[in-house]
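> Sharing a model that was predicted from the sequence below.
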Amino acid sequence: MDVEAKRTVLRMFTYGLYALTVPSGDEGHGITVNWCMQTSFDPPMIAVSIEKASRTIGLLRQSGVFAVNVYSTDQRELAGRMGRRFSQHPEKFRGTTWAHGLTGAPILLDALGWLECRVRTEADSGDSVVFVGEVVEAGTQREGEPLTMGTAGFRHAG
């Protein structure tokens, strides 16, 4: 395989940036994800991919719920902070206003909108796990443009 061609083509894909949040005691926990998509209209379901090394997987399996919060273009710094490893940066929510949603998953009150989901299934996917969740609640909070990898200046390794 032409590794450079593969990287070039994968970097052409359009990726959004989202805060995936899960319950974790009173504090909650979250990460930045970019592999997120709708998988079904009826019932409404989405899929998210999380690296196997992430602390989030254990919390997600324990709770069985998650929320996907849509970052706006003015939330690049938050997306970067939430994307760091918890072991090195445990204060990911510092300075962020949030509330527990219907499922207990944190809802970022400054996000453009959010979906709360109950996990329906998961599948191994190389260095990641793909979780499929049924949307059980949704909300919008403000208008704006969603943050993407391209507008943030982040790059996926491909």
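Perfect, I can see it now.

> Any idea what the residue lying closest to E51 once chain neighbours are set aside is bridged to?
Closest residue to E51 apart from its sequence neighbours, by CB to CB, 6 or more residues apart in numbering: S128 at 5.3 Å. C-beta: built from backbone N, CA, C; applies to glycine. S128 has the following beta-bridge partners by DSSP bridges: E51, S125.

> Neighbours of S128, how many?
18 (other CB atoms under 10 Å).

> With R84 instead?
Using other CB under 10 Å, R84 has 14 neighbouring residues.

> Which element, helix or strand, includes it?
Under DSSP states H and E, no helix or strand contains R84.

> That one against K92, yeah?
Yes: R84 lies in contact with K92 (CB atoms under 8 Å); the separation is 7.2 Å.

> Let's verify the closest residue to I46 other than its chain neighbours: helix, strand, or coil?
Taking CB to CB, 6+ apart, and ignoring the residues beside it in sequence, I46 has Q38 as its nearest neighbour in space, at 5.3 Å. Secondary structure assignment for Q38 (DSSP: H, G, I helix; E, B strand; the rest coil): strand.

> Find me the pLDDT at Q38, would you?
At Q38, the model reports a pLDDT of 96.

> likewise H156?
So H156 comes in at 60 (pLDDT).

> Spit out the contact partners of the residue nearest the centre of the chain.
For the chain, the residue lying nearest the average C-alpha position, counting by CA atoms, centre = their mean, turns out to be L20 (3.0 Å). Each residue near L20 by CB atoms under 8 Å, 6 or more residues apart in numbering is listed here: G30, I31, T32, V33, C36, V48, I50, T56, F66, A67, V68, N69.

> quick one: the second one is in a strand?
Which is I31. Yes: counting by three-state DSSP, I31 is found in a strand.

> partners of it in the sheet?
Beta bridges link I31 to L20, judged by DSSP bridges.

> Could you number the chain from 51 rather than 1 from now on?
In the new numbering, first residue 51, that becomes I81.
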